[in-house]
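K.L.:
following is a predicted model, sequence given first.
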Amino acid sequence: MHNVDLHIEDGIVLHIRQLRGALLPTRPNLPAALDDNQSFTLRIGSARIDIDTASLSTLLNRHVFGYPNSPLKNLRVTTDGDQLIQTGTMNGMPFRIRAAISLTPEGQIRIHPTAVKVIGVNVRGLMRFFGVHVAGLITLRPGYGARIDQDDFLLDPTGILPPPRIQGRLSAIQVEPGRIAQTFGGADSTAPLHPPDGAASNYMYFRGGTLRIGKLTMADTDLEILDDDLSNPFDFSLNHYNDQLVAGYSKNTADRGLIVHMPDFRTLGARASAARGRGTLP
């Protein structure tokens, strides 16, 4: 993938600057299917993936801390320089945490509070004085990709995401204005893929193996999905890609591959409205 805004779920977008990896089927004798995000695991060899603070806030509220009786609710994440600002409620009390972000040796994300306010009162110094840690104030439910190590939150960068399941080792992380930049792996040992349209800048290219797309099953897959608008990243929705497919067009290559041209997901509503205005849609 190259220069793709990937909607893994409504309201959660990953900006993929580049990614090289593989789709691994999760069910015996059945291929990976784009229509079924439980049918494959995305194994990342190397990637640069950014997530903006709006998507990160939605991810935390909906998945990481979205279970019943969660101690953390109404979370909102912003950035300030190289640190994160997190606000919300902790056991019903408003809080604000300023935190530094780093990686553990295992490739997990460590969020280390440098300032803590509860109900508007700075309690970081009091917590240190009395030997109180965040781990003693709240309990997180296991299995959602987050845990607490004394005062630090540890997030599993692949375990916090909704399906499809992702495998890969986070090797670097950095706070940038309005987003978190993540680097996975390093130099991928897998041979590079060369898309049929080598001049494309925004695309997804699938090569080899078997892939199912709707009713089409491709053996020895050779599929390139191209962005119709090169002025911005390719906005692609995994849950609504068929709508983009219907609004686009495709053509076969000389060696029996397939090239699909799609409009950006964000433009589909405007396109439908314009078509109705011209009387071309019921």
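P.N.:
Yep, it's here. Numbering: from 1, shown residues only.
K.L.:
now do the strands in the stretch 1-150 of the chain.
P.N.:
2-9, 12-25, 32-33, 40-52, 72-80, 83-90, 93-103, 109-118, 121-122, 146-149 (DSSP state E, counting those that start in this stretch).
K.L.:
the closest residue to residue 109 other than its chain neighbours: what's it in contact with?
P.N.:
Excluding its sequence neighbours, the residue lying closest to residue 109 (C-beta to C-beta, 6 or more residues apart in numbering) is residue 155, at 4.2 Å. Where C-beta positions appear, they are placed from N, C-alpha and C, glycine not excepted. By C-beta atoms under 8 Å, 6 or more residues apart in numbering, residue 155 lies in contact with 64, 108, 109, 111, 145, 146.
K.L.:
doesn't residue 245 belong to a helix?
P.N.:
Yes - counting by DSSP: H, G, I helix; E, B strand; the rest coil, residue 245 is located in a helix.
K.L.:
pretty sure it is touching residue 263, no?
P.N.:
No - using C-beta atoms under 8 Å, residue 245 is not in contact with residue 263, being 10.0 Å away.
K.L.:
ok, the closest residue to residue 207 other than its chain neighbours - how many residues close by?
P.N.:
Spatial nearest neighbour of residue 207, excluding adjacent residues (C-beta to C-beta, 6+ apart): residue 193 at 5.2 Å. For residue 193, the count of nearby residues is 11 (other C-beta atoms under 10 Å).
K.L.:
how about residue 193, phi and psi?
P.N.:
As for residue 193, its main-chain torsions (degrees, to the nearest 10) stand at phi -90, psi 140.
K.L.:
contacting residues for residue 177?
P.N.:
If you count contacts by C-beta under 8 Å, 6+ apart, then residue 177 has residue 79 around it.
K.L.:
how much space between it and residue 160?
P.N.:
22 Å (C-beta to C-beta, to the nearest Å).
K.L.:
and residue 4, by the same measure?
P.N.:
On the measure of C-beta to C-beta, residue 4 and residue 160 end up 20 Å apart.
K.L.:
so the two - more neighbours on which side?
P.N.:
residue 4 (23 against 18).
K.L.:
beta partners of that one?
P.N.:
residue 16, residue 234 (DSSP bridges).
K.L.:
now do residue 29, the pLDDT please.
P.N.:
Among the per-residue scores, residue 29 holds a pLDDT of 92.
K.L.:
number of residues surrounding it?
P.N.:
The number of residues near residue 29, taken as other C-beta under 10 Å, comes to 5.
K.L.:
got a list of what residue 33 touches?
P.N.:
39, 40, 211, 212, 213.
K.L.:
quick one, which of these are buried?
P.N.:
When the contacts of residue 33 are checked for burial by 16 or more other C-beta atoms under 10 Å, the buried set is 39, 40, 211, 212, 213.
K.L.:
ok, the fourth one - contacts?
P.N.:
Going by C-beta under 8 Å, 6+ apart, residue 212 touches 31, 32, 33, 34, 35, 39, 218.
K.L.:
farthest-apart pair in these, please.
P.N.:
By the measure C-beta to C-beta, 39 and 218 form the most distant pair in these, at 14.4 Å.
K.L.:
what about the helices in the stretch 151-282 of the chain?
P.N.:
241-247, 268-277 (DSSP state H, counting those that start in this stretch).
K.L.:
which regions of the stretch 1-150 of the chain lie under the pLDDT threshold?
P.N.:
Across the stretch 1-150 of the chain, the ranges flagged by pLDDT under 70 are 120-137.
K.L.:
residue boundaries of the strands in the stretch 151-282 of the chain?
P.N.:
152-155, 165-167, 170-176, 179-185, 203-207, 210-213, 216-219, 222-227, 234-237, 249-252, 258-262.
K.L.:
of all these, which one is nearest residue 58?
P.N.:
That would be, of those and by C-beta to C-beta, strand 179-185, which comes in at 13.5 Å.
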